[in-house]
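Colleague: For reference, the sequence and a predicted model appear below.
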Amino acid sequence: MAPVITIDGPSGSGKGTIANRLASRLGWHVLDSGALYRVLGHAAAEAGVSLEDEDRLADLALEMDVRFHDGKVFLNESDVSLAIRTEQAGNAASRVAALGEVRAALLQWQRACARAPGLVADGRDMGSVVFPDAAVKVFLDASPEERAHRRYNQLIEKGLSANLESLVSEIRERDDRDRNRSVAPLRAPEGALVVDSTALSIEEVLERVLERVREILPELRC
Ligand code: C5P
């Protein structure tokens, strides 16, 4: 199997940005696993499947045709990149993600992303469940207020509407669900480099991650 670097953490901790920067620096593939759960929430709404119907959601997860291309996300050939980025889509994602059958259905799809020369995978359970043998594991965190602020800026940049106060409470609610669910709860995997990015710039976080990668995979000369 190709080498894997996992980056886990709560929403808005900067995982996506760091995963993309690292992958482009190394020339590796990138897996945004959160997008998979978001697409499933979206597909369920389109198909009229309840977010509590575990069996039908697991079937839908196996059937749906998801593709990542050029920074965009496609569901059955249609571009859903913007639709899956709303807070509503994030909440639907965290509800379907709490279901064991759904997670099991998406496991092989995610593992198949580990192709040469390597994969940077970001999510909640990349280092703990999906790629337990990953070469390097990172766990990124930041305060809920800082994460809400970042999410606010991202949404405004994309031309979507946003309200800072409701973002803070939605982030807390989603954190709670992600950390306390019985299957694959969000927590730092054993042996992970833990970085609190509240007071750090993207460059500073990236540098800490690169230091760890150089230590473990010196042959990459990054
Ligand atoms: O990272 P993102 O905010 O896009 O993820 C959306 C939701 O999908 C998260 O709140 C979490 O509940 C779920 N998720 C997960 N496991 C992953 C990635 C995301 O449970 N590996």
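Modeller: Arrived safely, thanks for sending.
Colleague: what sits up against the host helix or strand of L107?
Modeller: Assessed by DSSP states H and E, L107 sits inside helix 100-111. Residues outside helix 100-111 that contact it (C-beta atoms under 8 Å, 6 or more residues apart in numbering): 31, 33, 36-37, 40, 54-55, 57-59, 61-62, 66, 96-97, 121, 125, 129-131, 182-184. Yep, even glycine has a C-beta here, placed from its N, CA and C like the rest.
Colleague: Intersect the residues you listed with the contacts of the ligand.
Modeller: Within the set of those, contact with the ligand (C-beta under 6 Å from any ligand atom) is found for S33, Y37, A97, D125.
Colleague: From A23, how far out is the second one?
Modeller: Looking back up the chat, that one is Y37. Going from Y37 to A23 by C-beta to C-beta, to the nearest Å gives 20 Å.
Colleague: isn't I216 right up against A134?
Modeller: No. I216 lies out of contact with A134 (C-beta atoms under 8 Å); the separation is 10.1 Å.
Colleague: and the ones next to the ligand among the contacts of helix 100-111, which are buried?
Modeller: Buried by 16 or more other C-beta atoms under 10 Å: S33, Y37, A97, D125, out of those.
Colleague: Touching, the last one and R187? I think so.
Modeller: No. In this structure D125 lies outside contact range of R187 using C-beta under 8 Å: 9.1 Å.
Colleague: which SSE is S161 in?
Modeller: Counting by DSSP H and E, S161 is part of no helix or strand.
Colleague: repeat for the one 10 residues further on
Modeller: For I171, the host element (DSSP H and E) is helix 164-180.
Colleague: after that helix comes which helix or strand?
Modeller: strand 193-196.
Colleague: Tell me how many other residues surround E207.
Modeller: E207 sits with 11 neighbouring residues when counted by other C-beta atoms under 10 Å.
Colleague: One more: L167?
Modeller: 21.
Colleague: Now do it against V213, distance only.
Modeller: Relative to V213, and taking C-beta to C-beta, L167 is found at 32 Å.
Colleague: can you pull the buried residues of the helix holding I171?
Modeller: L167, V168, E170, I171, R174, D175, R177, D178.
Colleague: Spell out the residue ranges of the helices in this protein.
Modeller: For the chain, applying DSSP state H gives helices covering 15-26, 33-47, 54-63, 87-96, 100-111, 144-157, 164-180, 202-216.
Colleague: can you list these in CSV and add mean pLDDT and distance to V4?
Modeller: CSV is the format used below for these (pLDDT from 0 to 100; distance: least, C-beta to C-beta, whole Å):
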stretch, mean pLDDT, distance to V4
helix 15-26, 96, 11
helix 33-47, 96, 12
helix 54-63, 98, 22
helix 87-96, 90, 22
helix 100-111, 97, 9
helix 144-157, 92, 25
helix 164-180, 91, 21
helix 202-216, 98, 12
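Colleague: Go through these and name the closest to V73.
Modeller: Among the helices of the chain, the nearest to V73 by C-beta to C-beta is helix 33-47 (5.3 Å).
Colleague: what angle do the closest one and helix 15-26 make?
Modeller: 120 degrees (axes from the mean of the first three to the mean of the last three C-alpha atoms, to 10 degrees).
Colleague: Outside of helix 33-47 itself, which residues are in contact with it?
Modeller: By C-beta under 8 Å, 6+ apart, the residues outside helix 33-47 that reach it are 11, 16, 49-51, 57, 60-61, 64, 66, 68, 73, 75, 80, 83-85, 89-90, 92-97, 102, 106, 109-110, 121-124, 126, 130.
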